[in-house]
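Engineer: Build me a structure from this.
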Amino acid sequence: MRRFLFTTLPTNDLGLLTRSLPIAAALAGRVHRVAFCSPAPAPSRLIADAGFENRTPSHPLYALIAHGATPRGLLRLLRSGALRRYGSLPRALRDLALALPWRSPPRTPEVWNVDHAGAQLGMLNEGFVRANCAAMLELIAAPDVDVVVDFWNPFAVLAARALGKPVVTVIQADAHPRSAGFIWWKRPPAGLPTPVPVLNRVLASYGLPPIRSLGELSVGDLTLCVGMPETDPLPADAAVTYVGPILWQQPEARLPAWVAELSRDRPLIWLYAGNPRYGSADELLDSGVVLRASIAALRDERVHLVITTGHHPLPRDLLPLPAHVRHAAYLPGLAMAERSDLLIHHGGYGSCQTGLLCGRPAVIVPTYAERESNARRVAALGAAEMVPVTYVAGRKHVDVAALRAAVRRVLAEPSFRESARRASERLRSYGGTDAAAAAIERFAHQRAG
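Structural biologist: As a prediction, this is how the structure comes out:
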């Protein structure tokens, strides 16, 4: 039996959890022990529902993440009394202030690569990077952690290297240092912000060699790449193993009766937009525009529209919903995709893979550069149409008429569904969760000697 710690970038959405939970469940089924570190509220709920332990590092920054990394989350944290575990309140607040990412580059809708994304996520702040690395170091140093399995948390990979513990990374190709980045269809401008100088100072303090790209902290002793070369292209000599789609659904998960009872005389469209509002000062990552545009586009269409928001609340300004529209905070994704005729989503990697695995076409409204990369790959397979998000007066905007036309076209033309079916067959040939779990198990036994 080996003991694994699964780490993810600590954001408050479910994309990385739908990738990590299936592997965790497969390893647990092979009689290994698995714990997580993913403390944000929405992932925490999914981890608890799956029956896994979720460890929170002993730093006030992670207490804030657990309560929601927003001003309201800070108020909840202060009211909860949770900061008492860190000693005096003034000390905890001081440590929290030193760890917050006060410095950030200019926000731009075009985030070009993983280095640019890291800068946007706060990694230009040395205090933020050091606090995260120290927290991960303490967690990974525990004697009951044999192997770290990481999903896009560079601090965990750095800490594992510093401790000399084996690390497996499970990534999409955009995170790899040999990839063409998130925006591969245009030439990047000069002078993009990068956290590499900050990270190299921290790496040096742990006696580790420098890096040239943040993507190097997405490479493990074993690196597994989800998807397939058509969805996640890398150079042929990149040292990765493709494992196909990895998507989470509880084995006993069922759709509620009201979904099954929807009449078959009209198409069922599943609309998933991820987190409508991340709570940051701008709307760079937000997907509320997808909800608003889709409801407006389909208000008078003869369809069933089912909206899910990944355990996040539906924005109040969308209420009341039209009679043919239903909302559920969460539904099992694979089951919902299989019941649907069409998916509309924000271009998240998990959403793209869900549609392809189930052989369902999509209309994708990508809300972020990495999501546009995903959308373009799926569209190139013939399994989706992409409707762009533009900016009007500094706010995200979707052409409602173009979205409506795309939905009608994808529903009417059989080629989209046939292309999705062919992609499903190709993806399944890589083995998915079972292949990933077997590769991680072999690696762990080899490292154990």
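Engineer: Show me which parts of stretch 233-240 are buried, residue by residue.
Structural biologist: 233-234, 240 (16 or more other Cβ atoms under 10 Å). The C-beta positions use only the backbone N, C-alpha and C, and glycine is treated the same way.
Engineer: Tell me the one of the residues you listed nearest Leu271?
Structural biologist: Pro233 (28.7 Å; Cβ to Cβ).
Engineer: Okay, and which of the buried residues of stretch 233-240 map to strands?
Structural biologist: Using DSSP state E, no member of the buried residues of stretch 233-240 falls within strands.
Engineer: Show me which of the residues you listed is closest to Gly68.
Structural biologist: Val240 (34.2 Å).
Engineer: if I look at that closest one, how far off is Val259?
Structural biologist: For Val240, the distance to Val259 equals 37 Å [Cβ to Cβ, to the nearest Å].
Engineer: now Val111
Structural biologist: Distance from Val111 to Val259, by Cβ to Cβ: 35 Å.
Engineer: In terms of neighbours, single out the busier of these two.
Structural biologist: Neighbour comparison, Val111 and Val259: the larger count goes to Val111, with 25 against 19 (by other Cβ atoms under 10 Å).
Engineer: Can you tell me the closest non-neighbouring residue to the more buried one?
Structural biologist: Ala369 (4.3 Å; Cβ to Cβ, 6 or more residues apart in numbering).
Engineer: Let me know whether that neighbour touches Trp184 as I believe.
Structural biologist: No. Contact criterion Cβ atoms under 8 Å: Ala369 and Trp184 do not qualify, at 10.1 Å.
Engineer: These two: who's more crowded?
Structural biologist: Ala369 (22 against 16).
Engineer: Can you name the residues in contact with stretch 90-101?
Structural biologist: With contacts defined as Cβ atoms under 8 Å, 6 or more residues apart in numbering, stretch 90-101 is touched by 59-61, 64, 83-84, 86, 121-125, 127-128, 130-132.
Engineer: Strands - which of those residues land there?
Structural biologist: Going by DSSP E, the strands hold none of the contacts of stretch 90-101.
Engineer: Of those residues, grab the buried ones for ChimeraX.
Structural biologist: One line in ChimeraX is enough to select the buried ones among the contacts of stretch 90-101; burial here means 16+ other Cβ under 10 Å:
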select :59,60,61,64,83,86,121,122,123,124,125,127,128,130,131,132
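Engineer: start to end distance for stretch 47-64?
Structural biologist: Chord length of stretch 47-64, first to last residue, is 18 Å (Cα to Cα, to the nearest Å).
Engineer: Residues touching it, excluding its own?
Structural biologist: 5, 10, 17, 21, 24-25, 28, 34-39, 43-44, 66, 73-74, 77, 82-83, 85-86, 92-93, 95-96, 99-100, 128, 131-132, 134-136, 138-139, 248, 250.
Engineer: Tell me which residues of it come out buried.
Structural biologist: In stretch 47-64, counting by 16+ other Cβ under 10 Å, buried: 47, 50, 52, 54-57, 59-64.
Engineer: Could you pull out the helices in the stretch 151-300 of the chain for me?
Structural biologist: Per DSSP state H, counting those that start in this stretch, the stretch 151-300 of the chain carries helices over the ranges 154-163, 196-205, 257-260, 288-297.
Engineer: give me the low-pLDDT residue ranges for the stretch 201-350 of the chain?
Structural biologist: Within the stretch 201-350 of the chain, the segments meeting pLDDT under 70 span 276-286.
Engineer: typo on my end, the stretch 51-200 of the chain
Structural biologist: For the stretch 51-200 of the chain (pLDDT under 70), the answer is none.
Engineer: what domains does the record give for the chain?
Structural biologist: The chain breaks down by automatic domain parsing into domains covering 3-55+101-245+430-448, 257-428.
Engineer: roughly how far out does the last one sit from the chain middle?
Structural biologist: Its chain's C-alpha centre lies 16 Å from the corresponding centre of domain 257-428 when counted by Cα atoms, centre = their mean, to the nearest Å.
Engineer: quick revisit: just flag the most distant two among the buried residues of stretch 47-64.
Structural biologist: Ala50 and Pro60 (26.9 Å).
Engineer: any idea how far Pro251 lies from Thr18?
Structural biologist: Taking Cβ to Cβ, one finds Pro251 at 15 Å from Thr18.
Engineer: how about the longest helix anywhere in the chain: buried residues?
Structural biologist: In the chain, taking DSSP state H as the definition, the longest helix is helix 432-448. Neighbour-count burial for helix 432-448 flags 432-433, 435-437, 439-441, 443-444 (criterion: 16+ other Cβ under 10 Å).
Engineer: Also stretch 62-76?
Structural biologist: The neighbour-count check on stretch 62-76 (16+ other Cβ under 10 Å) flags 62-69, 73-74, 76 as buried.
Engineer: cool, and stretch 359-375?
Structural biologist: So stretch 359-375, judged by 16+ other Cβ under 10 Å, has buried residues 359-375.
Engineer: Which ones among the residues you listed lie within strands?
Structural biologist: Using DSSP E, these in strands are 362-364.
Engineer: Which stretches in the stretch 1-150 of the chain count as helices?
Structural biologist: 15-29, 41-50, 60-67, 71-80, 89-99, 114-118, 126-140.
Engineer: Spatially nearest residue to Asp221 (excluding sequence neighbours)?
Structural biologist: Leaving aside its chain neighbours, Asp221 sits nearest to Pro166 (5.3 Å; criterion: Cβ to Cβ, 6+ apart).
Engineer: Can you tell me how far Cys358 is from Arg161?
Structural biologist: Distance from Cys358 to Arg161, by Cβ to Cβ: 38 Å.
Engineer: who touches Asp221 in this structure?
Structural biologist: 166-168, 443, 447.
Engineer: Out of the residues you listed, which is nearest to Val389?
Structural biologist: Val168 (34.2 Å).
Engineer: The closest one and Val149 touch, don't they?
Structural biologist: Yes. Using Cβ under 8 Å, Val168 is in contact with Val149, at 4.8 Å.
Engineer: who's more crowded, these two?
Structural biologist: Val149 (29 against 25).
Engineer: What residues are recorded as beta-bridge partners of that one?
Structural biologist: Under DSSP bridges, the beta-bridge partners of Val149 are Phe6, Val168.
Engineer: shouldn't it be in contact with Leu16?
Structural biologist: No. Val149 is beyond contact range of Leu16, at 11.6 Å (criterion: Cβ under 8 Å).
Engineer: Would you mind putting the contacts of Asp221 into JSON lines with distance to His345 alongside?
Structural biologist: Below are the contacts of Asp221 laid out as JSON lines (distance: Cβ to Cβ, whole Å):
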{"residue": "Pro166", "distance to His345": "35"}
{"residue": "Val167", "distance to His345": "31"}
{"residue": "Val168", "distance to His345": "28"}
{"residue": "Phe443", "distance to His345": "33"}
{"residue": "Arg447", "distance to His345": "38"}
